[in-house]
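*Asks:* What shape does this take:
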Amino acid sequence: MSDELQGRAAHIAAIRERAEAEMKAIGVDDAFIDTLVDTFYGRILAHPELGPVFDARLSGRWPEHMAKMKSFWSSVAFRNGAYGGKPVQAHAGVANMTAELFPKWLELFAATLDDMAPSPEAKAWFMATAERIAKSLTLSLFYNPALDDPALKQA
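*Replies:* The predicted structure is shown next:
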């Protein structure tokens with residue numbers, strides 16, 4: 001292996017080790033992520049507005065989605081590369097999904113963390129991450145740059 005590749009591999013390993021140590025310090029491990037995802041999506045299904053949107057999209061594919069979400073959160077928390085999907089493409093064209101559902105998703109996620117986060121730091125980290133994800137998805141899926149056109153704004 002070339003020196004450059006060895007250096008890059010060492011850098012990536014250091015990032016992962018640091019992320020694992022940071023998560024461990026706030027009480028986050030694989031078991032917590034599994035429980036968080038299972039609990040949260042159970043609540044999603046029971047939610048009167050979110051449940052129908054998710055279930056219509058994932059009907060018959062819930063086990064695969066749950067595994068994917070566990071990989072996603074593991075990858076984000078531990079920086080381990082476990083997730084290789086494309087979230088924007090996965091959410092594009094979902095029937096009845098609106099920008100107004102994202103705050104409800106965040107509210108439900110916060111309530112789930114209130115009930116089960118192993119520490120205040122873990123809740124804060126997961127909420128900040130979820131808020132960034134929601135903002136990114138909302139902008140990617142619903143933002144219309146024409147709405148920012150000064151010529152369209154009324155004085």
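
*Asks:* what's in contact with the host helix or strand of V76?
*Replies:* Using DSSP states H and E, V76 sits in helix 62-78. With contacts defined as C-beta atoms under 8 Å, 6 or more residues apart in numbering, helix 62-78 is touched by 16, 19-20, 23, 28, 30, 33-34, 36-38, 41, 58, 80-83, 85, 87, 125, 129. Any C-beta I mention is one placed from the backbone N, CA and C, and that applies to glycine too.

*Asks:* Go again with 6 Å.
*Replies:* A19, E20, M23, V28, I33, D34, V37, L58, A82, Y83 (C-beta atoms under 6 Å, 6 or more residues apart in numbering).

*Asks:* Turn the buried ones among the residues you listed into a named ChimeraX selection, would you?
*Replies:* To isolate the buried subset of the contacts of helix 62-78 in ChimeraX, counting by 16 or more other C-beta atoms under 10 Å, use the following:
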select :19,20,23,28,33,34,37,58,82
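
*Asks:* Can you flag which of the contacts of helix 62-78 belong to strands?
*Replies:* Using DSSP state E, the subset of these located in strands is empty.
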